[in-house]
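*Asks:* Sequence and predicted structure are below.
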Amino acid sequence: MKKGIFTIEQNVPLTDSVYRLRLAGDASHVTAPGQFVNIALPELFLRRPISVCDAAPGLLTLIYKTVGKGTEKLAVMSPGQTLDILTGLGNGFDVSLAGKRPLLLGGGIGSAPLYLLARYLRQQGKDVAVVLGFNTKSEVFYEKEFHALGCDVTVTTADGSYGTPGFVTDGLPENYSFYYACGPEPMLRAVYERAAGSGQMSFEARMGCGFGACMGCTRQTLAGPKRVCRDGPVFRKEEILWEA
């Protein structure tokens, strides 16, 4: 974990409520796809956790959805302004588990951290399949970006207005070696129940500190209670316990 000051280079809408934020600063502590950052915002006590969409030397890309005071403040910030950010949080996805044809499943804003994962896997020569799920056509983002990486991309919409009608689980391909999923918990549970084989899932949670001190984001696993911010946000399918 490292605290740093980042300068906004770009903060643009991708849909009515989803924004892409590009930041200049030291991104060296982002060492695995699926990690997140924690952003301090003016007049707000708690930092806001946001998954990393992409990272390169001196550059960090975040995609976020405006869902409350913090992200609403973030959405009106302009290039040249600076942000105090904790980077390198969380454990990230394990790319060594991918096999020859990994499957990436993203639900809504949960699609964002899968981009860096897809880039890593494509650099390793993997045949990557991606399923991105949204409620409706106007909410779709980053389909072209995943295509540009050379991924086999399927988009699903719950209302059938674009791509395959239905949910992420309705776009599951027949063959894949391992899956990685990120999205809201109902989606993850559906993937857990319907997807074959082993996988990793990235969970969303309300966080206080973001690095394991407050225990506010604890969830139960087969190995006992674990903190989403420090022990996760990524967990193996086999260790997850679901509430009845």
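*Replies:* Sure, I can see it.
*Asks:* dump the residue contacts of the residue nearest the centre of the chain.
*Replies:* Nearest residue to the geometric centre of the chain (C-alpha atoms, centre = their mean): residue 113, 3.1 Å. Residue 113 makes contacts with 33, 34, 36, 51, 52, 53, 182, 202, as judged by C-beta atoms under 8 Å, 6 or more residues apart in numbering. C-beta here means a position set from N, CA and C on the backbone, and glycine is covered the same way.
*Asks:* Repeat the analysis, applying 7 Å as the threshold.
*Replies:* Listed by C-beta atoms under 7 Å, 6 or more residues apart in numbering, the contact set of residue 113 reads 33, 34, 51, 52, 53, 182, 202.
*Asks:* cool, and residue 164?
*Replies:* The contact partners of residue 164, by C-beta under 7 Å, 6+ apart, come to 154, 155, 156, 170, 171.
*Asks:* nearest to residue 79, of those residues?
*Replies:* If you rank the contacts of residue 164 by distance to residue 79 using C-beta to C-beta, residue 155 comes first, at 30.2 Å.
*Asks:* residues near residue 243, how many?
*Replies:* Residue 243 has 7 neighbouring residues, counting by other C-beta atoms under 10 Å.
*Asks:* Please disregard the earlier target; I meant residue 80.
*Replies:* Residues lying near residue 80 (other C-beta under 10 Å) number 8.
*Asks:* average pLDDT across stretch 227-237?
*Replies:* Averaged over stretch 227-237, pLDDT sits at 89.
*Asks:* can you list the domains in the protein?
*Replies:* According to automatic domain parsing, the chain comprises the domains 2-89, 95-239.
*Asks:* picking that back up, which ones among the contacts of residue 113 map onto strands?
*Replies:* Within the contacts of residue 113, residues falling in strands by DSSP state E are 51, 52, 53, 182, 202.
*Asks:* Now render those residues as TSV, adding pLDDT, distance to residue 228 and neighbour count.
*Replies:* Formatted as TSV, these follow (pLDDT from 0 to 100; distance: C-beta to C-beta, whole Å; neighbours: other C-beta atoms under 10 Å):
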residue	pLDDT	distance to residue 228	neighbour count
51	95	12	27
52	97	16	26
53	98	19	23
182	97	12	29
202	96	9	28
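*Asks:* In CSV, list those along with distance to residue 130.
*Replies:* Conversion of the ones in strands among the contacts of residue 113 to CSV gives the following (distance: C-beta to C-beta, whole Å):
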residue, distance to residue 130
51, 16
52, 17
53, 14
182, 11
202, 15
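*Asks:* Residue 87: which of the residues you listed is nearest?
*Replies:* Distance to residue 87 across those (C-beta to C-beta) is lowest for residue 52, with 8.1 Å.
*Asks:* Bridged to that closest one, which residues?
*Replies:* Bridge pairing for residue 52 (DSSP bridges) gives the partners residue 62.
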